[in-house]
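J.: sequence? don't have it. structure:
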């Protein structure tokens with residue numbers, strides 16, 4: 001894996017205006033394309049439509065549905081907006097989904113208090129990556145820690161997204177949701193997965209202690 005580095009510039013975002021009034025949007029959900037050709041679609045069209053109906057703006061990277069015979073136009077029919085590149089989606093979203101692990105460039109573009117859901121192989125984490133997650137107080141969920149079949153991923157991810165995107169209290173939400181307890185490996189910047197911490201050479205904290213310590 002190449003060394004962790006600071007990109008030379010911040011990407012300009014280019015997004016067409018939507019018909020949704022900005023003051024009605026509760027949150028913005030971004031879906032990024034994956035490099036893996038066999039990657040499952042993390043949310044179905046119907047699930048995307050449901051989020052849109054609940055006033056969540058949904059941004060989809062162009063070509064996300066190509067391997068599933070779903071066109072960009074079909075995503076727009078269900079209420080999503082199509083964006084060309086990944087980095088503008090990250091810049092505009094509160095929660096970002098990607099089947100593959102986020103690239104170094106994508107990690108470095110994460111915002112303060114952002115939430116991400118993706119695969120998270122412990123051996124691919126570097127010290128620089130986890131330090132940046134800590135600095136930005138990112139909360140990150142690893143799909144691979146749930147050990148679900150591909151056929152179950154959409155419903156599982158939908159539950160995770162619903163739980164995270166509509167919650168006003170992240171600690172309380174983790175306490176009430178077994179899926180989050182199993183899958184969160186970074187909570188507000190704190191690494192809470194031993195394998196990731198050991199591979200990156202950083203300390204780790206138990207998620208239960210982080211969420212039940214009210215001091």
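T.: Looks like it came in fine. The structure displayed is predicted, hence computed values, not measured ones.

J.: buried set for the helix or strand of the chain with the lowest mean pLDDT?
T.: When each helix and strand of the chain is scored by mean pLDDT, DSSP states H and E, helix 170-176 comes last, with a mean of 91. Within helix 170-176, the residues that qualify as buried are 170, 174, counting by 16 or more other C-beta atoms under 10 Å. For every residue, glycine as well, the C-beta is placed using N, CA and C.

J.: my read: residue 119 touches residue 144, true?
T.: Yes. Counting by C-beta atoms under 8 Å, residue 119 touches residue 144, with 5.1 Å between them.

J.: these two: which has the busier surroundings?
T.: Legend: neighbour count by other C-beta atoms under 10 Å for residue 119 and residue 144, higher for residue 119 (17 against 14).

J.: name the residue closest to the centre of this protein, please.
T.: Within the chain, the residue whose C-alpha comes closest to the C-alpha centroid is residue 116; the distance, by C-alpha atoms, centre = their mean, is 2.3 Å.

J.: what helix or strand does it sit in?
T.: Assignment of secondary structure by DSSP states H and E places residue 116 within strand 115-118.

J.: quick one: distance of that strand to the chain centre.
T.: On the basis of C-alpha atoms, centre = their mean, to the nearest Å, strand 115-118 sits 2 Å off its chain's mean C-alpha point.

J.: check what contacts it and list those residues.
T.: Strand 115-118 has contacts (C-beta atoms under 8 Å, 6 or more residues apart in numbering) with 42, 94-102, 110, 138-143, 157, 160-161, 164-165.

J.: the longest helix belonging to the chain: which residues count as buried?
T.: Using DSSP state H to assign secondary structure, the helix with the most residues in the chain is helix 153-165. Taking 16+ other C-beta under 10 Å as the neighbour-count basis, helix 153-165 is seen to contain the buried residues 153, 154, 156, 157, 158, 160, 161, 162, 163, 164, 165.

J.: need the pLDDT of the first one.
T.: At residue 153 the predicted local confidence, pLDDT, stands at 96.

J.: again with residue 36
T.: As predicted, residue 36 sits at a pLDDT of 84.

J.: helix, strand, or coil at the closest residue to residue 122 other than its chain neighbours?
T.: If you skip the residues right next to it in sequence, residue 122 has residue 195 as its closest partner in space, 3.8 Å away by C-beta to C-beta, 6 or more residues apart in numbering. Look at residue 195: counting by DSSP: H, G, I helix; E, B strand; the rest coil, its state is helix.

J.: phi and psi next, for residue 64.
T.: Summarising the backbone geometry of residue 64 under the convention degrees, to the nearest 10, its torsions are phi -60, psi -40.

J.: correct me, but it touches residue 41?
T.: Yes. In terms of C-beta under 8 Å, residue 64 counts as a neighbour of residue 41; the distance is 7.3 Å.

J.: for these two, indicate the residue with more neighbours.
T.: Residue environment comparison for residue 64 versus residue 41 gives the larger neighbour count to residue 64, 24 against 20, counting by other C-beta under 10 Å.
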